[in-house]
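# sharing a model prediction with you, sequence too.
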Amino acid sequence: MEDNSPEINMSDKIRKRKRIDRMKTGLLLIMLVWVVVSILVIVSFGFRLNRLTQQMKVLRENQLVIDDYIKAESEMMDKKAEAAQKEADVSQSANKKEKEDTDVKETVPQSEELSEDTSKEEIKPPVPEGVRKVYLTFDDGPSIYTEEILDILDQYQVKATFFVIGKEDEHSVEMYKEIVARGHTLGMHSFSHKYNEIYDSMDAFIADFTSIRDYLTNITGKVPAFYRFPGGSSNQVCNTDMEEFIQYLNEQGITYFDWNVSSGDATSNTYTTQDVMDNVMMDVNKYDTSVVLMHDTSAKHATVESLPALLEQLLADGDAILPIDESTAPVQHISAKSVTQ
């Protein structure tokens, strides 16, 4: 006989309700977990996508750097090939001329030879009073652009000063000779151009100075008489008192030069030819004598590109563009005369 008592029916209903509640709770938990997991997956994919994007950006930048390097190397190889061809042509021409000179010397008395040598010395006319003097100086060369700079200077029939460092490749050796042969001043800018080594001690400075002086002397046959400190005499990287180095140069009879006009090409590789023009002309107009800081490196072609317009402007203003020599008044951030002997 079926028991349909109210107590039993109520008990069944309570159990069913509890099961339904448990099922609802379970479903809610499952949905909540699903939502949380979905959010975590989306966030994770977002982070991974962002990281992949950054990696792609880095790869693109690296590719640009590699492309620039390959381009620079290609240009350098082309320049070296041109230099090698020119060296061969010059060597052939020199051999021919040497033979002709030998034939002539055999018939010329010694007194006449001495007279001819003396006549070859260039006599520089004095700069008229009131004319501004501008000394263009190029640091850090030789480079793949040195010959281009020399050709531009020849085109405008002006001379400049090259403060060079020690480079031992064939192209650089040829450029040292070309600078002197074309009537420009060859100055010293250290051998290594490594600040932490050059300025480490007096002994280190002397060793580096002796290396660049002897190296240039052996190549060109002329002892260089002018020096420019890497970073200038007022640089902020030297741990040793700069006056000690200046005193040493004084003792060696070497005149050092800083600058009072900067082209701005040392501060950035993003400068333009107009920046060079503006920087130089703004300060040249302030002085009767200007020593202009420029650079001759493979990363400074904008400097080369600006040179014709700069020369035209200076010449149009009536300025005298000169190479540094013994008569040039030194421009020095720390006066060499102020250093006690």
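Alright, I've got the coordinates.

# need the contact list for Asp275.
Residues in contact with Asp275, defined by C-beta atoms under 8 Å, 6 or more residues apart in numbering, are 264, 302. In short, each C-beta sits where N, CA and C put it, glycine included.

# ugh, wrong one, Leu322
For Leu322, the set of contacting residues under the criterion of C-beta under 8 Å, 6+ apart consists of 127, 133-135, 159, 328.

# what are the phi and psi values for it?
According to degrees, to the nearest 10, the main-chain angles of Leu322 amount to phi -130, psi 160.

# just use 25 as the starting number from now, easier for me
Renumbered: residue one is now 25, and that last one reads Leu346.

# how close does it sit to Ser196?
The gap separating Leu346 from Ser196 is 25 Å, by C-beta to C-beta, to the nearest Å.

# equivalent analysis for Leu64, please.
Distance of Leu64 to Ser196, given as C-beta to C-beta: 61 Å.

# before we move on, what about Ala290?
For Ala290, the distance to Ser196 under the criterion C-beta to C-beta works out to 20 Å.

# do Phe186 as well
Here the distance between Phe186 and Ser196 works out to 11 Å (C-beta to C-beta).

# any residues in contact with both of those two?
Among the neighbours of Phe186, those also in contact with Ser196 (C-beta under 8 Å, 6+ apart) are Pro166.

# so those two - more neighbours on which side?
Higher neighbour count among Phe186 and Ser196: Phe186, with 28 against 20, using other C-beta atoms under 10 Å.

# pretty sure Tyr272 contacts Ala228?
No - using C-beta atoms under 8 Å, Tyr272 makes no contact with Ala228, being 11.8 Å away.

# and for the closest residue to Thr244 other than its chain neighbours, the neighbour number?
Leaving out its chain neighbours, the residue that sits closest to Thr244 by C-beta to C-beta, 6 or more residues apart in numbering is Val204, at 4.7 Å. Val204 is flanked by 18 other residues according to other C-beta under 10 Å.

# in a helix, Val204, correct?
Yes - the assignment for Val204 by DSSP: H, G, I helix; E, B strand; the rest coil puts it in a helix.

# for the stretch 125-274 of the chain, give me the ranges with low pLDDT.
Low-confidence segments of the stretch 125-274 of the chain, defined by pLDDT under 70, are located at 125-148.

# could you pull out the helices in it for me?
Counting by DSSP state H, counting those that start in this stretch, one finds helices in the stretch 125-274 of the chain at the ranges 134-143, 170-179, 194-205, 219-222, 226-244, 266-275.

# contacting residues for Asp341?
For Asp341, the residues meeting the contact criterion (C-beta under 8 Å, 6+ apart) are Arg156.

# go again using 10 Å as the cut-off
Contacts for Asp341 (C-beta atoms under 10 Å, 6 or more residues apart in numbering) come out as 155-156, 158, 305, 308-309.

# most neighbours out of the residues you listed, which is it?
Compared across the contacts of Asp341, Val158 has the highest neighbour count, 24 neighbours, by other C-beta under 10 Å.

# just confirm Val197 contacts Thr170, I think it does.
No - the pair Val197 and Thr170 fails to qualify as a contact (C-beta atoms under 10 Å) at a distance of 11.6 Å.

# what about those two, which has more around it?
Set Val197 next to Thr170 and count neighbours by other C-beta under 10 Å: Thr170 wins out with 25 against 16.

# grab the nearest non-local neighbour of that one.
Using C-beta to C-beta, 6+ apart and skipping the chain neighbours, the partner closest in space to Thr170 is Met199 (4.5 Å).

# quick one: the strands in the chain, in order.
When secondary structure is read from DSSP state E, the chain shows strands at 157-163, 185-188, 209-212, 250-251, 279-280, 285-286, 313-319, 344-345.
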